[in-house]
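Novice: output the structure for:
(4 chains)
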Number of protein chains: 2
Amino acid sequence: MGLENDEKKDKKSGVLLVDDHALILQGIKFIVDGMPEIGEVCTASSAAEAIALIKNKSFCVCLLDIELPDLSGFELLEIIKEKCPDSRIIVNTMHEETWVVKRLLQIGVDGVILKSADTDEIKNALESVLKGEKYFCSEFNKIKKRLRFSIDTPDYQSLLTNREMDVLKAISSGMQTKEIAEMLHVSVNTVETHRKSLFLKFEVRNAVELVLKAINNGIIHLDPNKNI
Amino acid sequence: MGLENDEKKDKKSGVLLVDDHALILQGIKFIVDGMPEIGEVCTASSAAEAIALIKNKSFCVCLLDIELPDLSGFELLEIIKEKCPDSRIIVNTMHEETWVVKRLLQIGVDGVILKSADTDEIKNALESVLKGEKYFCSEFNKIKKRLRFSIDTPDYQSLLTNREMDVLKAISSGMQTKEIAEMLHVSVNTVETHRKSLFLKFEVRNAVELVLKAINNGIIHLDPNKNI
DNA sequence: AGAACATTCACCGAAAACCGTGATTTTTTA
DNA sequence: TAAAAAATCACGGTTTTCGGTGAATGTTCT
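Specialist: Here you go, the predicted model:
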């Protein structure tokens, strides 16, 4: 407690591990504990815990799962980026979805490993980013490579207006134009205008394509408990 | 090797663990190894490995992940059920989707735990099923309870004919009727007939609702690498 | 204050989707 | 082999979607 001024500068300020899967968290902690070049190891099993930890501490590396129960993982990433801009970030994901890869590249993480990674790969990833290098697992690199073709696809999310988002969500729940108009208390013509904007922005021809593209780009999400 | 006739009867014939996540597999093995009442522990990181193992051996308990790289997990379940009908089955899943719950109940597994389960819960689950009891984690029970309302929803999968399945897949990829007709070398009228059957069977009014319901019931799956 | 954007609305026409009904041929199953 | 189920096609009618074009209000940012 006698180095409160050094904590932000300390290269060995430790590692933060975030994962809601107890076994994985435990397994990674076991690996990291065995690495002498790493200082303190803190763990969090939710975004809330992680946020509480980074308030008081600064970490040189954060290794985090992006599928978390409370926040979306991407939101946590933004918070970490803001609070600890010097911290290196490794993301542990199971998703090989293109939009996840795209967004991780946009945010600029230092490493990506899959959930199926073994001890060696986790060690390698940690050592690489500690040396200032990037570490991307082979699967991630493969998708990254393939993404070159469509690297400049628009960021649909920020392209949409609030109202368009409302209409998109409504369409994606199976509602048709008249129903949406009633729900939003506007005329059918208005909803049709928003529809047309959506089709234009997403470059699709019909509602099904729109919904699929929105899902595959992480803009809307399926509610697994609907439509049973 | 002197008890080839006893292996099928042996109550202590061991445990089979299947998971493609190295850390989880390792973690569970560590837990199970510490349980004296359990005999040999075999591990597999893919469905293929698991199938190879159950060819020669019989296990009293199989603890398996249903998200596997090669087979769909459900297919592996069917194979295990057929080859080792006496084996108790615990499924380790991350999905809380309703259709997964429904299908697990249909198949009749002995236990369900989530990926986020900790050491105690895994121990409890194993001990319960070894005693012949069922073990369902609280989240699973919650969904099960809520499912009572719709327990008798149709098994859409087996309700569909081959041709309807073709058309469903085509619709779910964003194709429109004329295109589907050309692809399948049939008339537009025919495709429309199949469409109507699908709407009737799924009790929906339009293509978007159809696609959503089909996805949420596990009949079709999104290709995460399309529509970027 | 002016520019840019968002939201709202209107109208038209073509295309596609949706609804009902019926019917033939092939395949599967009892 | 007879019955049932699946796959094919037709046709008419209504509704909805899709595409283009234009325009009046706000709202926000510079």
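Novice: which residues of chain A lie near DNA strand C?
Specialist: Applying C-beta under 7 Å from any atom of the strand, we find that chain A lies next to DNA strand C at A:161-164, A:184, A:186-187, A:189-190, A:192-194, A:206. Every C-beta, even on glycine, is put in place using the N, C-alpha and C of the backbone.
Novice: run the last query once more with 6 Å
Specialist: Chain A has residues A:161-164, A:186-187, A:189-190, A:193-194 near DNA strand C, with proximity defined as C-beta under 6 Å from any atom of the strand.
Novice: for residue A:212, what are its contacts?
Specialist: Contacts of residue A:212 were listed using C-beta atoms under 8 Å, 6 or more residues apart in numbering or on different chains, and they are B:172-174, B:211, B:222, B:226-227.
Novice: quick check, nearest of the residues of chain A next to DNA strand C to chain B?
Specialist: residue A:194 (15.6 Å; C-beta to the nearest C-beta).
Novice: top of the contacts of residue A:212 by neighbour count?
Specialist: Neighbour counts for those (other C-beta atoms under 10 Å in any protein chain shown) peak at residue B:211, which has 26 neighbours.
Novice: phi, psi of it?
Specialist: Torsion angles at residue B:211 (phi, psi; degrees, to the nearest 10) stand at phi -60, psi -50.
Novice: and it, how far is that from residue B:167?
Specialist: From residue B:211 over to residue B:167 the distance is 12 Å, taken as C-beta to C-beta, to the nearest Å.
Novice: how is chain A partitioned into domains?
Specialist: Per automatic domain parsing, the domain ranges recorded for chain A read A:15-150, A:156-216.
Novice: return the residues of chain A in contact with DNA strand D.
Specialist: A:176-178, A:192-193, A:195-196, A:199, A:205-207.
Novice: three-state assignment of residue A:90?
Specialist: strand (DSSP: H, G, I helix; E, B strand; the rest coil).
Novice: quick one on the thing from earlier: whichever of the residues of chain A next to DNA strand D end up buried, select them in PyMOL.
Specialist: Here is the PyMOL command that selects only those of those that count as buried (16 or more other C-beta atoms under 10 Å in any protein chain shown):
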select buried, chain A and resi 177+195+207
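Novice: centre-most residue in chain A?
Specialist: Residue closest to the average C-alpha location in chain A (C-alpha atoms, centre = their mean): residue A:74, at 3.3 Å.
Novice: okay, strands next: where are they in chain A?
Specialist: Along chain A, counting by DSSP state E, strands occupy A:15-18, A:41-44, A:61-65, A:88-93, A:111-114, A:135-136.
Novice: pretty sure residue A:68 contacts residue A:20?
Specialist: Yes: here residue A:68 reaches residue A:20: they are 5.7 Å apart, a contact under C-beta atoms under 8 Å.
Novice: what do those two both touch?
Specialist: residue A:46.
Novice: that older thread, restricting to the residues of chain A next to DNA strand D, which residues neighbour chain B?
Specialist: Filtering those for proximity to chain B (criterion: C-beta under 8 Å from any C-beta of the partner chain) leaves A:176, A:205-207.
Novice: average pLDDT across the lengthiest helix in chain A?
Specialist: For chain A, the longest helix by residue count, based on DSSP state H, is helix A:188-202. In this model, helix A:188-202 has an average pLDDT of 98.
Novice: end-to-end on stretch A:108-117?
Specialist: One end of stretch A:108-117 to the other measures 21 Å (C-alpha to C-alpha, to the nearest Å).
Novice: can you give me the buried ones in that stretch?
Specialist: So, applying 16+ other C-beta under 10 Å, buried residues of stretch A:108-117: A:109-117.
Novice: which outside residues touch it?
Specialist: Contacts of stretch A:108-117 (C-beta under 8 Å, 6+ apart): A:24, A:65, A:77, A:88-94, A:96, A:101, A:104, A:121-122, A:125, A:128-129, A:134-137, A:139-140, B:20-23, B:45, B:69.
Novice: also stretch A:171-188?
Specialist: Here stretch A:171-188 makes contact (C-beta under 8 Å, 6+ apart) with A:163, A:166-167, A:170, A:190-192, A:195, A:198, A:207, A:210-211, A:214-215, A:220, A:226-227, B:204-206, B:208-209, B:212.
Novice: still on that earlier bit, give the buried subset of the residues of chain A next to DNA strand C as a PyMOL selection command.
Specialist: Buried members of the residues of chain A next to DNA strand C, defined by 16+ other C-beta under 10 Å, are picked up in PyMOL with:
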select buried, chain A and resi 164+186+190+194
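Novice: isn't residue A:98 up against residue A:142?
Specialist: No: between residue A:98 and residue A:142 there is no contact under C-beta under 8 Å: 11.3 Å.
Novice: distance check, the closest residue to residue A:63 other than its chain neighbours against DNA strand C.
Specialist: Leaving aside its sequence neighbours, residue A:63 sits nearest to residue A:90 (C-beta to C-beta, 6 or more residues apart in numbering or on different chains; 4.5 Å). Relative to DNA strand C, residue A:90 is positioned 35 Å away (C-beta to the nearest atom of the strand, to the nearest Å).
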